[in-house]
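Undergrad: missing the sequence, but the structure's below:
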């Protein structure tokens, strides 16, 4: 059987971004014997090779769509597998994405009956790089840290060792701690939290101290009564000022031990990338296409790192859901999604394109109706919150679809006083459902 022209004489270099594709997403899915993508998925899979934001609702198949986009780009010779970088937050998520991409690429090779070839010339032979944000930041520091004076051999502190280090500093500290909880463990936790927040926001202790001074002066210069919320903010800043000597002492001790923690690692990577443009040139040449998963949970330092490396119109696809932002305590913000189109603008300066995944493959219509109702005020305020719909048509089957696509059942909610009562209620509900099904 005659093979497609792409695989009779596959070019060893990527095609031009404006060249027409050889395969549509639907044709590629048929070739790989996979379910056809929805219209939303197909639009994302075959989007132009330029910055793209995907606002994906819960259970909308974002991992499969991201993997399909990589396969589509590779199959159409826009990029080689080894020039693809995928970043996510957990090792589990990174492993799942890597496995999905590699499986699809292997399916592509098998379906086209490829013969073994020289890996140097074979556009399908390479391996994509899929990692966590922190492990990628660690590589940036290791390979490029010397540009900013960071030793590549600096060891990484474990959570236990950093706590022990600060706890020792706290127990031997004789400075003013009036008005601060005197429990050493509480102060240790506060010092570690403040040090981490400073790194996540790329702020040094002197800058925080100067800002606090201006804040106090501005409040005191205003006539009238100081409201309770403002007094609370002033008290918090006073506490932070008393913790700053310990934060500085922690930083000096890490330098003495030639050690750093995870927050240091990320902050150093961001500063190296921001202050040394040559690092971005190297990384953009190494990774021609970049996928950023769970983008709504990226911190300020991570955004600075990624923008310095892959801004300026580089093909970056960011995927996120503002309703699943869970890392606000360390500097993440759902507003990061809203800022992506401008921060990662196209080559001509126009904002990045925004597409969405709104078909939920995980939840019944009753659950989605409640979720959509709860999110209505967020949408009214301008947040990029997708309104989800259930996959109930014949073309979009889900395992729990009732005959004929009709939805059934009632959604039950409960507000309980304790975790134990909640666990009992869930267990009783599951038992009742099981007995009713039997």
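TA: Yep, it's here. Predicted model only: the values in this text are computed from it and were never measured.
Undergrad: tell me which helix or strand in this protein has the weakest average pLDDT.
TA: helix 5-8 (a mean of 35; mean pLDDT, DSSP states H and E).
Undergrad: check which helices and strands the helix or strand following that helix sits against.
TA: Note on helix 5-8: by DSSP states H and E, the next helix or strand toward the C-terminus is helix 25-31. Counting by 3 or more C-beta pairs under 8 Å, 6 or more residues apart in numbering; DSSP states H and E, the packing neighbours recorded for helix 25-31 are helix 39-45, helix 62-75. Glycine gets a C-beta too; all of them are placed from N, C-alpha and C.
Undergrad: ok, and what's touching the helix or strand following the first one?
TA: Think helix 39-45. Per DSSP H and E, helix 39-45 leads on to strand 52-56 as the next helix or strand towards the C-terminus. Applying C-beta atoms under 8 Å, 6 or more residues apart in numbering, the contact partners of strand 52-56 are 44, 62, 65, 295, 315-322, 337, 340-341, 344, 352-357, 384, 386.
Undergrad: for PyMOL, what selects the buried ones among the residues you listed?
TA: To isolate the buried ones among the contacts of strand 52-56 in PyMOL, judged by 16 or more other C-beta atoms under 10 Å, type:
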select buried, resi 44+62+65+295+315+316+317+318+319+320+321+322+337+340+341+344+352+353+355+356+357+384+386
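Undergrad: now intersect the contacts of strand 52-56 with the strands, please.
TA: Mapping those onto strands (DSSP state E) picks out 316-320, 353-357.
Undergrad: need these in a markdown table with distance to residue 265 and pLDDT, can you?
TA: Putting these into a markdown table (distance: C-beta to C-beta, whole Å; pLDDT from 0 to 100) gives the following:
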| residue | distance to residue 265 | pLDDT |
| --- | --- | --- |
| 316 | 22 | 98 |
| 317 | 25 | 97 |
| 318 | 22 | 96 |
| 319 | 24 | 95 |
| 320 | 23 | 90 |
| 353 | 32 | 97 |
| 354 | 31 | 96 |
| 355 | 33 | 96 |
| 356 | 33 | 93 |
| 357 | 32 | 93 |
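Undergrad: so what's residue 384 closest to, chain neighbours aside?
TA: residue 55 (4.9 Å; C-beta to C-beta, 6 or more residues apart in numbering).
Undergrad: could I get the buried residue list for stretch 208-228?
TA: Judged by neighbour count (16+ other C-beta under 10 Å), stretch 208-228 contains these buried residues: 208, 212.
Undergrad: roughly how far out does that stretch sit from the chain middle?
TA: How far stretch 208-228 lies from its chain's middle: 35 Å, per C-alpha atoms, centre = their mean, to the nearest Å.
Undergrad: which residues of the stretch 51-200 of the chain score low on pLDDT?
TA: Within the stretch 51-200 of the chain, the stretches with pLDDT under 70 are 113-123.
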